[in-house]
Every structure is written in structure tokens, then in C-alpha cells.
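*Asks:* Here you go, sequence then predicted model.
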Amino acid sequence: MDKIKIGTRGSKLALWQAYHIQDLLAAAGLESEIITIETIGDKILDVSIAKIGSKGVFTEEIEEQLSIGTIDIAVHSAKDMQSVLPDGFELIAFTEREVVNDVLVSEKSDISLSDENLVIGTSSTRRVALLKHYYPHIKTVPVRGNLQTRIQKMKDGACDALLLAYAGMHRMGYSSLIRKRLDLDEFIPAVGQGSVAIECYKSINPEKKQAIKKAVSHPQTEIRLETERAFLRTLEGGCSIPVFGLADLDNKTVKMKGGIVSLDGQEIIIKEVTGSAEDAKSLGEKLANEVLNAGGAEILKEIKEELKK
Ligand SMILES: NCc1[nH]cc(CCC(=O)O)c1CC(=O)O
């Protein structure tokens, strides 16, 4: 088989993920090379993603390269992937998931969410809304850019702490700045957090596709992500919407908890479903419908109107 061409964004986190995939392929005896691609999302650093619109700001250029065949696969953080891909594109594998929690990151060692004067930097609508809900005294400020940029902004005094995914901090070698792992009962992560996804286009050589799948896919993670992504798809929640969800797998049983929180943190709906791993997709859909019927539909409508402003 000829060398597998791996497409990726050029940020340090994206490159770590691409090298991780290259390692998994190499362990299966598959040769590969990495090709970096700049996306609109990388160029626009001063506007919040919620305002640009979540659809594909980090994926459009990469999908173009997939469709013309300059790359065979694209590597993404699973949580950055829209729940519905454009025609002809497919996620074929998810890597073993690491710690899923959000973490509090700071240079200060004595940081606490109960601190009255704490200022947290985050541009994620989910994190802002959850903070408003559980810790209404905390002030948040938007901090954009790649992980290094955000950490630099914090060091320059933009905020006391950042709220980030453990996964990204760990991958970048910044674990020493992690002060606290947030409780999964309060801070339910974004769908897909902690796993790396492989995307391809329908024109890929089927043998190549199978070989990549076999080398990269972690079956248990795949079931969890299938549940979570079905939930996200049914809620039509892009990454700008404060939707969260986490599925766990115990033997053949999937348990998923997920919900939505209003932008001001006033209303939150959290539901839970349990069922067989074979029904992963319908379980995710069932959870989404329970959330929608319990008032989630109303919250979603308000959020969409708010984000249009
Ligand atoms: N939204 C940006 C993004 N996309 C993936 C990660 C980290 C890796 C992951 O969550 O899998 C991050 C940074 C963060 O949210 O802290």
C-alpha cells in the first residue's frame, strides 16, 4: 500500500494528534506522511467561534483536500466535529478516549471556584453557561486562540485561570498547570471530548480505509461516541450551543447523561438513559428527545435567537 497522507491543521495540538495517528498507523505497519493545512478558523483569531458560526470553520479547507485526494485522511479532535458531515464525508475511527474532564488551569496554586473574585477565561458557551449556573459569582472573560495563546494571555493577566479540556493540556505537555479536575456531575464535557477522530472521503481506496480503521479505532470509544454524536445530531447542537453529553460503557451497557443549559445559566436540563451497546444510536436519540421534551426545545430556540444577534 502507498503512504497514507494525513491532513491536519498546523496548531501544536493538531500536530500532536496527527503524530499520534501516525504512531498508531506505524504500529500496524502502515507508512504515512503529515500534510498541514491552514483553515479559516486558524486565521480568524479575534472573533468568537460562536459569532463566526460553528459550521466547519476548522474543517472546510481540510475537506476540500480530502475530496481532491491530496490527503487520504484528516485528523481532528472528535469534539470539534459537527454532528452531520457534508455529503461523501465520514468519520471512520475514534482513538481510545483519555480523561474526559474539564480542568481548571492556572499559574496560581491556591485557586478555587468558591473564590468570590475569581476571573476565568473561556470562550466556550458551554463552560460559560455552566459556570453561571453552578458558580454565579464567577466572572468570565472571553479568551480566544490556540492553547498556547490562551495560556500566554492568562500569564499576561487576562484572567486568573482558564477552563479547558484535560485532554488538550495533557497532549500539549501542560499538565503541571492543571489545578483541579472538575466534577463530571457538574461539568459534563462536550460530546466527543478526549478522543481523536479520523475523517475520510468516499473516494478513498477501500482497502486503505479498512487498514486505517483497524489500526486506529478503539471499539469501546466508538460506541460511546456513536451514542453521543446521535444525541448531538438530534439536538442539532453545533459547538456554539451549550450542549453537553457523556456516554460510558460497562461491558455491553451504555449509560449516557446529557443536557442543555441556557446561556445565562438560569435553566438547565439534564437527563440520563441506559441501554444496550447495540442500540447506541437510538439511545443517544432517545436522550436528546427527553431533553427536548423536558424544556430543552424552548432553551435551544432562545439560544439560537440570542446567538443570531
Ligand atoms: N475547542 C477547542 C478544543 N478542541 C479540542 C480540545 C482539546 C482536546 C479534546 O477535548 O479532545 C480543545 C481545547 C479545549 O476545549 O480545552
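*Replies:* Nice, thanks for sending it over.
*Asks:* Quickly note the distance from residue 160 to residue 109.
*Replies:* Computed as CB to CB, to the nearest Å, the residue 160 to residue 109 distance reads 12 Å. (Glycine included, C-beta is placed from N, CA and C.)
*Asks:* Between the two, which has more neighbouring residues?
*Replies:* Neighbour count, other CB atoms under 10 Å: between residue 160 and residue 109, residue 160 has more, with 20 against 6.
*Asks:* what packs against the helix or strand where residue 17 lies?
*Replies:* Taking DSSP states H and E as the criterion, residue 17 maps to helix 12-27. Applying 3 or more CB pairs under 8 Å, 6 or more residues apart in numbering; DSSP states H and E, one finds that helix 12-27 contacts strand 4-8, strand 32-36, strand 73-77, helix 147-155, helix 166-171, strand 196-201, helix 206-216.
*Asks:* List the residue ranges of the stretch 51-200 of the chain that fall below the pLDDT cut-off.
*Replies:* Along the stretch 51-200 of the chain, segments meeting pLDDT under 70 span 51-56.
*Asks:* Contact distance from the ligand - what residues of it qualify?
*Replies:* The stretch 51-200 of the chain comes close to the ligand at residues 77, 79-80, 164-165, 167-168, 193-194, as judged by CB under 6 Å from any ligand atom.
*Asks:* rerun that using 8 Å as the cut-off
*Replies:* The stretch 51-200 of the chain has residues 77-80, 98, 102, 124, 147, 163-169, 171, 189-190, 192-196 near the ligand, with proximity defined as CB under 8 Å from any ligand atom.
*Asks:* Check the burial of the closest residue to the ligand within the stretch 1-150 of the chain by counting its neighbours.
*Replies:* Nearest residue of the stretch 1-150 of the chain to the ligand, counting by CB to the nearest ligand atom: residue 77, 3.4 Å away. Per other CB under 10 Å, the neighbour tally for residue 77 reads 22.
*Asks:* and what of residue 272?
*Replies:* Residue 272, neighbours per other CB under 10 Å, totals 11.
*Asks:* partners of the helix or strand hosting it, with directions?
*Replies:* Mapping residue 272 onto the secondary structure by DSSP H and E places it in strand 268-276. Strand pairing for strand 268-276, determined by DSSP bridges: strand 253-261 (antiparallel).
*Asks:* Just the buried positions in the strand it pairs with, please.
*Replies:* 254-261 (16 or more other CB atoms under 10 Å).
*Asks:* OK, contacts around residue 216?
*Replies:* Listed by CB atoms under 8 Å, 6 or more residues apart in numbering, the contact set of residue 216 reads 21, 24-25, 93, 95, 198.
*Asks:* typo on my end, residue 75
*Replies:* 6-8, 14, 17-18, 21, 196-199.
*Asks:* quick one: which of the residues you listed is most hemmed in?
*Replies:* residue 196 (28 neighbours).
*Asks:* ok, what's across the strand from that residue?
*Replies:* The partner list for residue 196 in beta bridges (DSSP bridges) reads residue 77.
*Asks:* Test my guess that it contacts residue 74.
*Replies:* No - assessed by CB atoms under 8 Å, residue 196 is found out of contact with residue 74, at 10.9 Å.
*Asks:* Between those two, which contacts overlap?
*Replies:* Counting by CB under 8 Å, 6+ apart, residue 196 and residue 74 have no contacts in common.
*Asks:* follow-up on the earlier one: need the contact list for the residue of the stretch 1-150 of the chain closest to the ligand.
*Replies:* So residue 77 contacts 13-14, 17, 167-168, 192, 195-197 (CB under 8 Å, 6+ apart).
*Asks:* can you check residue 184 too?
*Replies:* With contact set as CB under 8 Å, 6+ apart, residue 184 has these partners: 100-101, 246.
*Asks:* Recalculate using a threshold of 6 Å.
*Replies:* If a contact means CB atoms under 6 Å, 6 or more residues apart in numbering, then residue 184 has no contacts.
*Asks:* Give the helix, strand or coil label for it.
*Replies:* coil (DSSP: H, G, I helix; E, B strand; the rest coil).
*Asks:* when you give positions from now on, start the count at 223
*Replies:* Yes, from this point I'll number from 223; that puts the last item at residue 406.
*Asks:* Please determine how far it is located from the ligand.
*Replies:* The spacing between residue 406 and the ligand, counted by CB to the nearest ligand atom, to the nearest Å, is 14 Å.
*Asks:* for that residue, phi and psi?
*Replies:* Dihedral pair for residue 406: phi -70, psi -20, per degrees, to the nearest 10.
*Asks:* Locate residue 453 within the secondary structure: which element?
*Replies:* Residue 453 belongs to helix 441-457, assigned by DSSP H and E.
*Asks:* May I see the buried residues of stretch 439-459?
*Replies:* Of the residues in stretch 439-459, 439-440, 442-457, 459 count as buried by neighbour count, 16+ other CB under 10 Å.
*Asks:* How is this structure partitioned into domains?
*Replies:* When the chain is parsed with automatic domain parsing, its domains come out as 226-317+417-439, 324-403, 454-530.
*Asks:* Many thanks, have a good one.
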